[in-house]
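Q: The sequence and its predicted three-dimensional model are supplied below.
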Amino acid sequence: MNFIAKQTFSNFHGATDRCTDIEDEFSFFGGGLLLKRRTIDCLTPKMLPDESIFYRFSKARNFNIKEAETMLRKYMDFRREYQIDTIVTDYNPPEVLNIYTPTSFFGFDKEGFVLRYIDVGEIDVRGKLI
């Protein structure tokens with residue numbers, strides 16, 4: 001992390017050593033660990049092993065742990081409200097789209113992606129709007 005931090009800040013014109021010192025202190029004193037402990041109750045199991053998320057939120061708030069915690073909690077509330085973690089598996093399009101959009105499912109391509117044919121000329125736009 002030290003190499004990345006120094007490389008990142010050295011690219012900016014007029015960067016000081018203080019910037020890299022802040023990041024070094026963050027990793028040395030366990031700023032990421034502190035933020036993780038304070039927000040462990042609202043994180044998903046997939047996010048727990050990812051240390052970069054704590055660094056990113058801390059960096060966004062100039063390594064102020066309290067502000068980073070507030071920002072991370074709001075982010076998790078947003079994810080819960082809009083069901084970001086389950087949208088791919090649980091999404092059901094509105095019934096209007098199913099009725100007035102002629103589509104055909106072909107199968108899967110070589111890489112496992114869904115192949116679908118949509119006959120754009122036959123879409124009933126008025127049926128969707130009414």
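A: Looks like it arrived, so ask away. Numbering: from 1, shown residues only.
Q: Quick one: mean pLDDT for stretch 44-62?
A: Computed over stretch 44-62, the mean pLDDT rounds to 89.
Q: Pull out the buried residues from that stretch.
A: For stretch 44-62, the neighbour count (16 or more other Cβ atoms under 10 Å) marks Met47, Ile53, Phe54, Tyr55, Phe57, Ser58, Lys59, Arg61 as buried. For every residue, glycine as well, the C-beta is placed using N, CA and C.
Q: chain center to stretch 44-51, what's the gap?
A: Centroid displacement of stretch 44-51 relative to its chain, using Cα atoms, centre = their mean, to the nearest Å, is 12 Å.
Q: List of residues touching it?
A: Identification of contacts with stretch 44-51 by Cβ atoms under 8 Å, 6 or more residues apart in numbering yields Gly32, Lys36, Ile40, Ile53, Arg79, Asp85.
Q: Does the first one touch Tyr55 like I think?
A: Yes. The pair formed by Gly32 and Tyr55 meets the contact definition of Cβ atoms under 8 Å, at 5.7 Å.
Q: ok, back up a step: of the buried residues of stretch 44-62, closest to Asn92?
A: Of all the buried residues of stretch 44-62, Asn92 sits closest to Met47, with 25.9 Å by Cβ to Cβ.
Q: Ramachandran angles for that closest one?
A: With angles defined as degrees, to the nearest 10, Met47 sits at phi -80, psi -20.
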